[in-house]
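> Sharing a sequence plus its predicted fold:
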Amino acid sequence: PLIGGLAADVDGVRAALSLAERAGAVVDHANSPGLFRNLAVMQRTGWSVATFAELRNRADLLVVVGPDPTPNHPRFFERWVAPRPAMLGEDAVRRVVFLGGAPGPEAQRQLAGVDVSVVPVEGGDLADAVAQLRAAWHGAGADGPMAGLAEGLRGARYGVVAWAAGLLAPEGADLVVEGLVRLVREVDLTTRCVGLPLTGAENLIGANQVCTWWTGFPLRTSFAGRTLHHDPAALDWRRVAEEADAVLWVSAFRAGPPDVTFKGPLIVLATPEAAMAREPDVLIPVGTPGIDHAGHVFRGDNVVALRAGALLSRGLPSVAEVLHGIGASLDRRGAAC
């Protein structure tokens, strides 16, 4: 079986791992492709990254590479970019440059009053554009907007290069991320520059943290057999779903299960307002952490766990309550046998 989605608070993820241990299931988060693109580069090269607070208080230049991250991070610009930098003096001005993407209507609203510019990518090859930017930084053959962006990085007191790996096109995404990490390292030899991977939507960071401290492995881990098995490629939920005997999909935030083909029956724990691409075999409504019940979620910069309180009562159980109930039912069936 596959226990996927894992879009829940810390208690919900812990309950999912406990159930996976009993059922011999594979566990993975819906948004893990972006996480593992970043982890693969970090393992190969290392990196230097910023926190949200550093971006808000220190950065005078933010370069957003690839698509607008607002769909996955709805208040990113409002909370961390639009406020005036607190540690750069009264006359500080923050510039935002979009490379290979453009701000959507919501991002434009949040960035009203901020100096925003767009550097288009010819042919849409983002990996090649990052290579051109690195060449321009070293003064090799680039001119026009790319040379201007390189000079902007050179003149910045604190530059931040941000990307949302989960929104990048799969073809060449690893090259884009690795190119950006190497660019940050090269710029940081001259002036302060750090990266900012944006991968924490729907408590992805929390799910990975919980899985790591629970098992010793990150996500994409199997509880089948006598020993745990971690394989970032083979245990990607998109592959496992094709052969899984049953799929339990957990989505306590915004989205329902993805529009993919599951071989076995589909059991969904989701909020009542979640859109369903297909009708599940079993649907159990659950509440949202921070709205229907209190819970802990990890911030997208992988720094702190945040406590979210309950705002209202719709009579919906938490993911943890439902999964503990399923586990108890399995125990009763086992005892009866």
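Perfect, thanks for sending it.

> per-residue confidence at residue 330?
With respect to pLDDT, residue 330 scores 86.

> for residue 156, same thing?
Residue 156 is assigned 94 on the pLDDT scale.

> doesn't residue 190 make contact with it?
No: in this structure, residue 156 is not within contact of residue 190 by CB atoms under 8 Å, at 10.1 Å. C-beta: built from backbone N, CA, C; applies to glycine.

> helix, strand or coil for residue 35?
Three-state call for residue 35 (DSSP: H, G, I helix; E, B strand; the rest coil): helix.

> if we can go back for a sec, so for residue 156 and residue 190, which sits in the more crowded spot?
residue 156 (20 against 10; other CB atoms under 10 Å).

> dump the residue contacts of the more buried one.
59-61, 191-193 (CB atoms under 8 Å, 6 or more residues apart in numbering).

> now, which of the residues you listed lie within helices?
With helices taken from DSSP state H, there is no overlap with the contacts of residue 156.

> In strands, which of those residues appear?
Counting by DSSP state E, the contacts of residue 156 place 61, 192-193 in strands.

> what's the offset of the longest helix seen in the chain from the middle of its chain?
Using DSSP H, we find that the single longest helix of the chain is helix 319-336. Put simply, helix 319-336 sits 30 Å off its chain's centre (CA atoms, centre = their mean, to the nearest Å).

> Can you show me the CA trace of it as CSV?
Provided in CSV are the C-alpha atoms of helix 319-336 (Å, rounded to 0.1, in the frame of the first residue of the first chain):
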residue,chain,number,x,y,z
VAL,A,319,-6.1,13.5,10.4
ALA,A,320,-4.4,12.1,13.5
GLU,A,321,-7.8,11.1,15.1
VAL,A,322,-9.0,9.4,11.9
LEU,A,323,-5.7,7.5,11.4
HIS,A,324,-5.5,6.4,15.0
GLY,A,325,-9.1,5.1,14.5
ILE,A,326,-8.1,3.1,11.4
GLY,A,327,-5.1,1.7,13.3
ALA,A,328,-7.3,0.7,16.2
SER,A,329,-9.7,-1.1,13.8
LEU,A,330,-6.7,-3.0,12.3
ASP,A,331,-5.7,-4.0,15.9
ARG,A,332,-9.2,-5.3,16.6
ARG,A,333,-9.3,-7.3,13.4
GLY,A,334,-5.9,-8.8,14.1
ALA,A,335,-7.1,-9.8,17.6
ALA,A,336,-10.2,-11.4,16.2
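
> How about that helix, which residues are buried there?
Within helix 319-336, the residues scored as buried using 16 or more other CB atoms under 10 Å are 319-320, 322-324, 326-327.

> Now list the buried members of the ones in strands among the contacts of residue 156.
61, 192-193.

> Nearest to residue 143 among the residues you listed?
residue 61 (19.9 Å; CB to CB).

> Now do the same for that closest one: its pLDDT.
At residue 61, pLDDT is 96.

> If we ignore the residues flanking it in sequence, what's nearest it?
Leaving aside its chain neighbours, residue 61 sits nearest to residue 156 (3.9 Å; criterion: CB to CB, 6 or more residues apart in numbering).

> same deal with residue 11?
Residue 11's closest residue in space is residue 320 (CB to CB, 6+ apart), at 4.1 Å.

> just to revisit the earlier point, and the residue nearest to residue 61, how close does it get to residue 182?
Residue 156 sits 18 Å away from residue 182, going by CB to CB, to the nearest Å.

> Please identify which of the buried ones among the ones in strands among the contacts of residue 156 is nearest to residue 6.
residue 193 (33.2 Å).

> tell me the contacts of that closest one?
153, 156, 158-161, 184, 187.

> Bridge partners for the residue nearest to residue 48 when sequence neighbours are not counted, pull those for me.
Nearest non-adjacent residue to residue 48, counting by CB to CB, 6+ apart: residue 194, 5.2 Å away. In this entry, residue 194 is beta-bridged to residue 160, by DSSP bridges.
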